[in-house]
Structure formats: structure tokens, C-alpha cells
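*Asks:* Just to be clear, the model below is a prediction. Sequence and coordinates:
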Amino acid sequence: MEEREISKAVITRLPRYYRYLGELLESGVERISSNELSTRMSVTASQIRQDLNNFGGFGQQGYGYNVKYLYTEMGRILGIDRQHNLIIIGAGNLGQAIANYANFEKRGFIIKGMFDINPRLIGLVVRGIEIRGVDDLEQYIKDNDVQMAALTIPKTKAPEIAERLVNAGIKAIWNFAHVDLTVPDDVVVENVHLSESLMRLSYRVCSMQDKLEKEQESKQENKQEK
Ligand code: NAI
């Protein structure tokens, strides 16, 4: 397929398409129309058509989309057809929760090691992954061909560790620490902040409640006027 630049907005939506297409494949569906996919995903059919047009002309009138082809192409574009070696810095609650989640490996993310400064944690093994001290961090990254690091340490420590990681050749940081990291242009950072997601949820539920209350108030006012 011809290489073309995919917009950031489409890339943000790709993992969700990828998940749905994977589920369709698992249930034996070979092709699907944008209308059917639209109903399943609660996205408009035109949005789906626009997004999937980035993957060539496989959406044919009367045929729909070839599920396997799209799934494979999206996996390739997301880079999950390759292996990514990952380390976790900070083996506390969150770091260990990530290490315990075996499904990342199915997507090609191999957790090669965990690091911490707490002597009580160093030497422990989480799902087969040993927690190491940070002294040999740089050497470990080089020896194990590691390109990605998850940062699950306090925000005050994150910039210093991020600098060490970048100097050691890390190209991608999955940042859970609540701080914006400054990195060179050839390094990418994906911030994951559950509390921000929770605040968005709070905003939505509060707006909905406010709207309902206003509707009820205006209904009551109308009644009183009558
Ligand atoms: P935790 O206290 O259980 O674990 C933090 C670990 O980092 C500890 O084991 C500590 O020894 C280690 N550590 C501290 N400095 C270090 C350094 N320089 N190098 C290596 N390890 C170091 O904390 P928890 O709950 O696991 O949270 C970790 C971080 O993630 C915190 O910054 C927290 O605010 C953040 N967090 C972020 C969330 C998100 O959605 N982004 C959700 C929950 C926590």
C-alpha cells in the first residue's frame, strides 16, 4: 500500500478501530460495512469512511471493508507488528500493576526490566521480572536493546530520570508522573494521567446533572405559569 501521512486525530482513533476489528476477526467476521461498524462503535459512518480512507480503497460499495486487511494495516501503522522492549522505572503500586498486566506482551510490548531506588524492593520479582537498582540503568538499556520506558515515579524525580533515559538512548517515554517532560525532538512522550480523565468524567456528569436540573426548573416554572 502507498505510504501516506496519517493525521494525529486519526491516529488517536486507530487503537479503538483496531480493538473492534480484532473482536470482529475473533468472531469470524470477514467483511463489514461502514454502517455496521458505525452502529457497533457509535461513530458516524461518514467519520469511519473518512478515517478508513487513509488505508487505501478497500471499502468498496456493496462489499464493505476487508476486516483482516484493515486490522493488519492498522497494526502496522501503530507499530505493534514489531517488538518494543520496555522498562519500568518505579516499582511501586502503579509500576507493579503495569508489570502484572500480561496483555501488553500480546501487543508486542515486552517488559524487559523494572527499576527502583527502594532497597526493600530491589531483588523482588514481579511476574518473572526482577526489580533492579537504578545504578546499572544505562548499561541495562544498552545490553537489552530497550527503546521505551514507563515512568511511574514521583514527579520530583521524573525529569532527572528522564534525562538519564534519553542519554542512554531511550526514544519513547510513557509518562505517568504528573509533570511535563522536556525531551529532544527525536524522543516521544505519551502522558497518561488517570486523574485528568477522571476530571473530564466529572465535568461531563456535572454538566449533565446541571442540564437536568435546569430542565426540571423550567418545567416547574411553566407549570406555575399555567
Ligand atoms: P509508589 O510510591 O507506590 O511508587 C513509586 C516508586 O518509585 C517507589 O517504589 C519509589 O521507591 C520509586 N522511586 C522514587 N524515586 C525513584 C527514582 N529516582 N528512581 C527509581 N525509582 C524511584 O507510587 P505509585 O502509586 O506507584 O505512583 C507512582 C507515580 O505515578 C506517582 O508520581 C504518582 O503520582 C503517579 N501516578 C500517576 C497516575 C496517572 O494516571 N498518571 C496514577 C497513579 C499514580
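*Replies:* Right, received. Where do you want to start?
*Asks:* Could you use CA atoms for every contact and neighbour count after this?
*Replies:* OK.
*Asks:* Any stretches of this protein with poor pLDDT?
*Replies:* Scanning the chain for pLDDT under 70 picks out 1-4, 56-62.
*Asks:* got the domain boundaries for it?
*Replies:* The chain breaks down into these domains under automatic domain parsing: 8-78, 86-192, 199-226.
*Asks:* for these, which one sits closest to the ligand?
*Replies:* domain 86-192 (3.2 Å; C-alpha to the nearest ligand atom).
*Asks:* so what strands line up beside the longest strand anywhere in the chain?
*Replies:* Counting by DSSP state E, the longest strand found in the chain is strand 109-116. Sheet pairing of strand 109-116 (DSSP bridges) gives strand 84-89 (parallel), strand 129-133 (parallel).
*Asks:* The helix or strand hosting Trp174 near the ligand anywhere?
*Replies:* Per DSSP states H and E: Trp174 is located in strand 172-175. No. If you take C-alpha under 6 Å from any ligand atom as the test, strand 172-175 misses the ligand, and the best it gets is 7.1 Å.
*Asks:* Determine the set of other helices and strands touching that strand.
*Replies:* strand 148-151, strand 188-191 (3 or more C-alpha pairs under 8 Å, 6 or more residues apart in numbering; DSSP states H and E).
*Asks:* The chain: helices as residue ranges?
*Replies:* 8-26, 34-41, 45-52, 67-78, 93-100, 103-106, 137-143, 158-167, 194-225 (DSSP state H).
*Asks:* I'd like these laid out as JSON lines, including distance to the ligand and mean neighbour count.
*Replies:* Putting the helices of the chain into JSON lines (distance: least, C-alpha to the nearest ligand atom, whole Å; neighbours: other C-alpha atoms under 10 Å) gives the following:
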{"stretch": "helix 8-26", "distance to the ligand": "18", "mean neighbour count": "15"}
{"stretch": "helix 34-41", "distance to the ligand": "25", "mean neighbour count": "15"}
{"stretch": "helix 45-52", "distance to the ligand": "28", "mean neighbour count": "16"}
{"stretch": "helix 67-78", "distance to the ligand": "22", "mean neighbour count": "17"}
{"stretch": "helix 93-100", "distance to the ligand": "4", "mean neighbour count": "16"}
{"stretch": "helix 103-106", "distance to the ligand": "17", "mean neighbour count": "12"}
{"stretch": "helix 137-143", "distance to the ligand": "10", "mean neighbour count": "15"}
{"stretch": "helix 158-167", "distance to the ligand": "6", "mean neighbour count": "17"}
{"stretch": "helix 194-225", "distance to the ligand": "3", "mean neighbour count": "11"}
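*Asks:* And the ones you listed: which comes nearest Gly123?
*Replies:* helix 93-100 (13.5 Å; C-alpha to C-alpha).
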